[in-house]
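S.K.: Fold the following.
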Amino acid sequence: MAMNPMRFRLNLTSNLSLALASFFIAFAIWTIAKEDEMTEQKIDVAVRFQPPAYATLRVEPRTVQVTVRYPVSQANLLNPASVRVDLGGAIGEPRLWAGVNEEKTRTVEIDPRNAVHNLPQNFQVVQVQPGSVLLHGVLNAREAYIEPRIIGSPAAGYVAGKPQIDPATVMLIGAEADLDQLARNNNDEVVVPTEEINITGRNEYYETRAEILLPERVQLAEQQIPRATVIIPINEETGPKEITGIPVTVQTYSKQLAAQVTPAQASVRVEGPLSLVQGITAQDLVILPRETVEETLNAVSTVKLDCQFAETVPQKIREKVNIVQESLNPRTVQIKMVRPSKSTAIPKPTPPASIPARPSATPAPLSASASSPTSGTLTR
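M.R.: Purely as a prediction, here's the structure:
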């Protein structure tokens, strides 16, 4: 039976249409499958971080290997040079862990989800090798002496002494340029001031806690408090006074002898609170020979002198006023044993803590000594 040509043509056309449709469907499926196909690539990426101005940091190693997974169809979107690994806040607070005069080290873990940046959409970080880096840090630091700012004056007759500061120094951190601008004292030492401390009208020891005033962009290193204890000694004003006309006192044991002293008087300097020093007179002091004097008629001795307070001087003066022995003038006197003159013999009380003259072979009761207008004071 012969085939109808028209029907054959229709069947052929229908078959071709089905074939083409199948091809396009298959191509579409292949394309979709191709888009879903993933690939991986390893790239070397520099490790970055933003150090604070007050510290110098370095990382080890400087680069890490990042494995990236992405669709094959988007391979042309990957630019390895633009990928970054940023430690960000993982570096912590360097002022808490970095060294002052030498490097200290901190281990920083790299989080693949947050540390890798600048990847196109649909790109995933599979792995970062190594997974951690070492961060070495040293603080830009200067040791500074605390300088109290004292204003005002103590009460009249009182003076402020040198302040005591605790702590005496603090460690400052900041950018090198800011640290170089810090104030310095006459010894070329870095100093930072405290708030003002007013001592107006004070007449005794004063202690306070004062705030340390830091320059802009400069801060204290870890575990330091921005306050210092300041102790200011406030004492009565002191000064010297020269006491003149003090008789040189020599005690004798023999009635038959008297001490002729040349020169008969001496002077000495005393030092202490002015309110006490100003009231001291020659009657409050006693000058004695330091060594024993030979009691033999016409014997001449040269002896060194010593100055003491008289027994009547109050204990407060003894404790606070100093007799400057080196200021004695003269430092030595000449003592000659002579016969006492009855017409000029004047009994005198025995001074305290005096050094007696050497007794004769036959000791006798204490005798009154005489004074001579030309050669010195004859004393008991």
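S.K.: how about low-confidence regions in the stretch 251-380 of the chain?
M.R.: In the predicted model, the stretch 251-380 of the chain carries pLDDT under 70 at residues 342-380.
S.K.: Nearest residue to residue 340 in space, ignoring adjacent ones along the chain?
M.R.: Computed as Cβ to Cβ, 6 or more residues apart in numbering, the closest residue to residue 340 that is not its neighbour in sequence is residue 258, at 3.9 Å. Placement of C-beta: from N, CA and C, glycine included.
S.K.: what about that neighbour, neighbour count?
M.R.: Per other Cβ atoms under 10 Å, the neighbour tally for residue 258 reads 26.
S.K.: Quick check: the gap between it and residue 336.
M.R.: Distance check for residue 258 against residue 336: by Cβ to Cβ, to the nearest Å, it reads 9 Å.
S.K.: how about the helix or strand containing residue 286 as CSV, C-alpha atoms only?
M.R.: Assigned by DSSP states H and E, residue 286 belongs to strand 285-289. Output of strand 285-289 as CSV, limited to C-alpha atoms (Å, rounded to 0.1, in the frame of the first residue of the first chain):
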residue,chain,number,x,y,z
LEU,A,285,74.1,77.6,127.9
VAL,A,286,77.1,76.3,129.8
ILE,A,287,80.5,76.0,128.3
LEU,A,288,82.9,73.5,129.9
PRO,A,289,86.3,72.0,129.2
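S.K.: elements contacting that strand?
M.R.: Secondary-structure packing of strand 285-289 (3 or more Cβ pairs under 8 Å, 6 or more residues apart in numbering; DSSP states H and E): strand 238-247, strand 265-273, strand 300-309.
S.K.: how about these in a markdown table, adding distance to residue 138?
M.R.: Formatted as a markdown table, the helices and strands packed on strand 285-289 follow (distance: least, Cβ to Cβ, whole Å):
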| stretch | distance to residue 138 |
| --- | --- |
| strand 238-247 | 50 |
| strand 265-273 | 53 |
| strand 300-309 | 63 |
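S.K.: Would you mind finding the most buried of those?
M.R.: strand 265-273 (a mean of 19; mean count of other Cβ atoms under 10 Å).
S.K.: Just the residues contacting that one, thanks.
M.R.: Strand 265-273 has contacts (Cβ atoms under 8 Å, 6 or more residues apart in numbering) with 235-248, 277, 280, 285, 287, 305, 307, 317, 320-325, 327-330, 333, 377.
S.K.: helix or strand right after it?
M.R.: Downstream of strand 265-273 (by DSSP H and E), the next one is helix 274-277.
S.K.: then that next one to CSV, C-alphas only?
M.R.: C-alpha atoms of helix 274-277 as CSV (Å, rounded to 0.1, in the frame of the first residue of the first chain):
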residue,chain,number,x,y,z
LEU,A,274,62.6,80.2,115.3
SER,A,275,60.0,80.6,118.1
LEU,A,276,62.3,78.6,120.4
VAL,A,277,65.7,79.8,119.2
